[in-house]
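Colleague: I'll drop the sequence and a predicted model, then ask my questions.
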Amino acid sequence: LWLVNIVMPELAEHLGRKPSVFGGWLTGAMNAVREAGHELVICATEPLADVLCSDVSGVRYYIAPSSSIGEMEAHFQAILNHETPDVVHIFGTEFEQCMAMANCADVERTVVQIQGAMTLMKDVVCAGLPARLCRDNPLHKLLRRLHKGGQSIDLQRQSFERRAAVERQVLKSAKYVFGASAWGNAVAKSVNPDCITFDCNLILRDTFYSDERWSQETCEKHSIYILFSYPIKGFHKFLEALPKILRQYPDTMVYVVANQLPIRHYTGIKRLIQDAAPDYNWLIQKQIEKNNLQGHLKFIGHLNEVQVKERMLKSNVFVSASALENQSTSLGEAMILGVPSVASAVGAIPEMIDNGEDGFLYPFEEPKKLAEAVCKIFSDRDLALRFSEKGHAHAAQTYDREKNGRNLIEMYQTIANAAKEREI
């Protein structure tokens, strides 16, 4: 039985919804379990009035109401009692539904999976940001009412701290942890030295296992692919590097995975309030305006897996500028396609790139090094080709679908067999 944080794509389609573009790697793991002949039950939570249950393509799905921890525990306990799973796999450690499932599932049959490592991420919410953005201001509330949205960095930090507290409680009570990387396992051990960890990598989305590869002949020269979301993803640090790239390559175009350009052109009192109570979008706006970057950024929305693949294959370079990451599936997808990649040397990222051999790593706090790395790939065709070929080989080994699927099943069998032996 799985607990996941999204409604799985095939269930969304069954319910007539548009599938989420997030958490796509779950589909690869789901297919591995099904192909191994195991029965699978998948739970998620949403603000519903009652539990929804539906069988789709041999998988039983539940959506439980996302309410208080106590109420979620009651729903989960009823599902567990009905399904009697051999193993419970909780995807994520930082959400209240994760704690609720951990509280009522048999610890001897439960493995929790670290996704974001909030225990450490809470400390880097403000990484590379001006101090005034990290202090909440009463005017933030007024500004949010005026434009009906937005969140101060301080509120984001508080949210991460709450999630970190949940994560620590979940990890401390866990017997088995799937860290998704050596770094993730080390984070788990730092919280709970007695937990048992597993060495198992993730499975990417199906479309990235095709034979299509990046080519210098068909990519858009001097183009960059990067994600933009919350501050930890480091888009503000990338924008510090971009003017340095443009000085050498003024035709550079950046394709940003985000819904829309996060700019609000206020005038009058709203502009005064925004400047007095800045948020993250304010910083992005200031950086773009100061350096005249508007013509070099295309915000392309959140793409489905086919669109992601197409855009990556057209890009000259993939950039991950995060302040902290566990295993980055976006970086893994870019590398397995052969897209030359540059990434900040944080968290588990150094496990994914051998610096100078199959990509470039750089210190998060040094955007100059990021700019230099991108420009080297732009200028050196032989280097770009070597990164493409070796990056693909590295990622193909890391994300070997068959091997990782076997390891996932072996992890489940290890947990189930140990539980059976204790019951004898």
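Modeller: It's in.
Colleague: Could you give the average pLDDT over stretch 92-111?
Modeller: For stretch 92-111, the mean per-residue pLDDT is 97.
Colleague: Could you do stretch 259-270 as well?
Modeller: The pLDDT scores in stretch 259-270 average 64.
Colleague: cool, and stretch 4-14?
Modeller: When pLDDT is averaged over stretch 4-14, the result is 93.
Colleague: got a list of contacts for it?
Modeller: Defining contact as C-beta atoms under 8 Å, 6 or more residues apart in numbering, one finds that stretch 4-14 is touched by 15, 17-20, 22-24, 26-27, 30, 42-44, 46, 54, 56-57, 59, 61, 63, 91-92, 95, 97. Any C-beta I mention is one placed from the backbone N, CA and C, and that applies to glycine too.
Colleague: Likewise for stretch 217-225?
Modeller: Contacts with stretch 217-225, where a contact means C-beta under 8 Å, 6+ apart, come from 245, 249, 251-255, 257, 311-319, 334, 339, 374, 378.
Colleague: Buried among those? Need that as a selection in PyMOL.
Modeller: Applying 16 or more other C-beta atoms under 10 Å to those leaves a buried subset, and the PyMOL line that selects it is:
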select buried, resi 245+249+252+253+254+255+257+311+312+313+314+315+316+317+318+319+334+339+374+378
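Colleague: Now the top helix by length along the chain: average pLDDT?
Modeller: What stands out as the longest helix in the chain, according to DSSP state H, is helix 401-423. Per-region confidence: helix 401-423 scores 95 on mean pLDDT.
Colleague: what's the answer for stretch 326-344, then?
Modeller: Throughout stretch 326-344, pLDDT has a mean value of 96.
Colleague: Could you work out the end-to-end span of it for me?
Modeller: Criterion C-alpha to C-alpha, to the nearest Å; first-to-last residue distance in stretch 326-344 is 12 Å.
Colleague: tell me the contacts of the residue nearest the centre of the chain?
Modeller: The chain has S328 as the residue nearest its centroid, 6.3 Å off, counting by C-alpha atoms, centre = their mean. Taking C-beta under 8 Å, 6+ apart as the criterion, S328 is in contact with S320, S322, A343, A348, I349, M352.
Colleague: count of neighbours near the closest residue to the last one other than its chain neighbours?
Modeller: This means M352. With C-beta to C-beta, 6 or more residues apart in numbering as the criterion, M352 has its nearest non-adjacent residue at 5.9 Å, and that residue is L331. As a burial measure, L331 scores 26 neighbours (other C-beta atoms under 10 Å).
Colleague: Please determine how far L331 is located from V111.
Modeller: In this view, L331 and V111 are 24 Å apart by C-beta to C-beta, to the nearest Å.
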